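# whatever this is, show me its structure:
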Amino acid sequence: MSKLMVYVCGNGEREYWEHAYKAKELILKLSESLISMENALQLVDKKSLDYLLQEDILKEESGQIKLNFCFTPWEDVLKLREIGVKYGEVLAEYLIKNFKWVDNNLKRLNCLRYSKLEYLHFAVVGCYALDLKFLTMLENEWGENRKFIPYAREIRDKWEEIAKDFYWGCHSAKFGNYMFYSFGNHTGSRNAFPDLVWSGKARKDEAEALGKALEEFHKSGKTREILERYEYVGVPFFDKHDMKIPWQVADRIASDVEKLVTEEKWEMLKEDLNKLKASQWCAFGELFIEAWHWIFGWANNVLIREGYFAEPEESEDGGRCIKWVSFSA
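Reported below is the predicted structural model:
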């Protein structure tokens with residue numbers, strides 16, 4: 001049975017999720033053929049349809065409604081997985097060759113006294129560089145016409161099986177003077193902050209208390225009960241001294257990776273993406289951003305297998321992630 005997964009790049013509006021999910025049946029049908037306005041209104045309420053048209057997520061031409069955003073039907077999802085594995089292997093090999101200068105910089109971090117280098121590799125290279133920095137570069141180049149870039153994909157019963165080994169999702173939120181991060185796959189829950197607050201399993205004041213306790217641990221080595229309760233002993237904490245170094249490393253990696261992609265693999269990747277059904281209605285830049293998630297998500301998986309990244313923690317329902325905290329006054 002087909003389902004719709006809705007997501008964004010950037011700071012998406014709650015309205016988008018709300019209206020896109022209401023238009024699930026319409027979106028799925030539009031990937032097969034255009035639909036008249038009259039028939040579209042039989043599949044979704046007028047308020048949701050008006051919103052999707054006003055935001056250029058759907059488009060009307062001569063009384064016909066068509067897709068105007070990056071929706072990937074199931075056949076494309078399977079092909080994107082293949083693309084991710086193909087180019088992710090190349091990206092991982094490239095990164096492995098460049099870890100020496102990365103390590104020279106990360107070894108300057110205070111948090112290495114109580115955290116493992118492989119954990120910092122994952123946070124700084126896998127998340128800050130390949131996800132946040134590189135995607136910001138792409139969004140600045142291709143996403144300027146939208147307040148956020150809307151996405152959706154068709155998923156079926158095998159979704160969790162094909163997506164579980166792709167590490168591509170950063171969750172973050174600030175509580176008090178601390179920014180909490182979790183980074184991992186998208187096939188289950190995460191036993192980490194901010195997810196525990198978002199799911200109602202922990203309170204915001206507990207998150208702030210945890211941040212203070214982790215900061216104290218990295219200064220003195222003294223553990224508190226809250227660190228043990230939420231399994232944060234040894235989790236990286238970027239203090240005032242540490243905050244700049246990870247982002248400087250991420251900047252350089254993102255720039256180097258851009259050269260690898262645009263100078264060495266660009267034409268081949270363009271050819272592969274233009275074979276996708278979604279290329280009929282999706283702007284190339286937005287389709288590339290979607291593909292990039294699959295590519296760096298698989299590269300992260302390879303780097304875990306090769307021992308360069310720490311093994312993620314796994315929740316009871318298969319969600320896998322790493323976690324860390326940064327001072328953020």
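# could you use CA atoms for every contact and neighbour count after this?
Will do.
# leaving aside the residues next to it on the chain, what's closest to Lys277?
Asp76 (6.5 Å; Cα to Cα, 6 or more residues apart in numbering).
# worst-scoring helix or strand of the protein, pLDDT-wise?
Here the helix or strand of the chain ranked lowest by mean pLDDT, DSSP states H and E is helix 134-142, holding a mean of 80.
# what packs against that helix?
helix 244-259, helix 284-305 (3 or more Cα pairs under 8 Å, 6 or more residues apart in numbering; DSSP states H and E).
# hmm, back to that, confirm the residue nearest to Lys277 sits in a helix?
Yes: if the criterion is DSSP: H, G, I helix; E, B strand; the rest coil, then Asp76 is within a helix.
# what about it, how many residues nearby?
Asp76: 19 surrounding residues under other Cα atoms under 10 Å.
# how about the strands of the stretch 101-250 of the chain, start to end?
Along the stretch 101-250 of the chain, the stretches classed as strands by DSSP state E, counting those that start in this stretch are 149-155, 169-175, 178-184, 237-238.
# kindly reformat the ones you listed as a markdown table containing mean neighbour count, distance to Phe134 and mean pLDDT.
Converted to a markdown table, those look like this (neighbours: other Cα atoms under 10 Å; distance: least, Cα to Cα, whole Å; pLDDT from 0 to 100):
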| stretch | mean neighbour count | distance to Phe134 | mean pLDDT |
| --- | --- | --- | --- |
| strand 149-155 | 21 | 15 | 95 |
| strand 169-175 | 18 | 13 | 95 |
| strand 178-184 | 24 | 15 | 98 |
| strand 237-238 | 28 | 21 | 98 |
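# redo those as CSV? Include distance to Phe217.
As requested, those are exported to CSV (distance: least, Cα to Cα, whole Å):
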stretch, distance to Phe217
strand 149-155, 39
strand 169-175, 18
strand 178-184, 14
strand 237-238, 9
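# tell me what the residue nearest the centre of the chain is bridged to.
Residue closest to the mean C-alpha point of the chain, counted by Cα atoms, centre = their mean, is Gly169 at 2.9 Å. Gly169 has these beta-bridge partners by DSSP bridges: Gly184.
# how close does Glu82 get to Trp198?
Using Cα to Cα, to the nearest Å, Glu82 is found at 32 Å from Trp198.
# touching stretch 211-218 from outside, list them.
By Cα atoms under 8 Å, 6 or more residues apart in numbering, the list of residues contacting stretch 211-218 from outside reads 111, 113-114, 177-178, 222-224, 226-227, 232-233, 235, 237, 239, 325.
# rerun that using 10 Å as the cut-off
Residues outside stretch 211-218 that contact it (Cα atoms under 10 Å, 6 or more residues apart in numbering): 110-115, 175-180, 205-210, 219-227, 232-239, 324-327.
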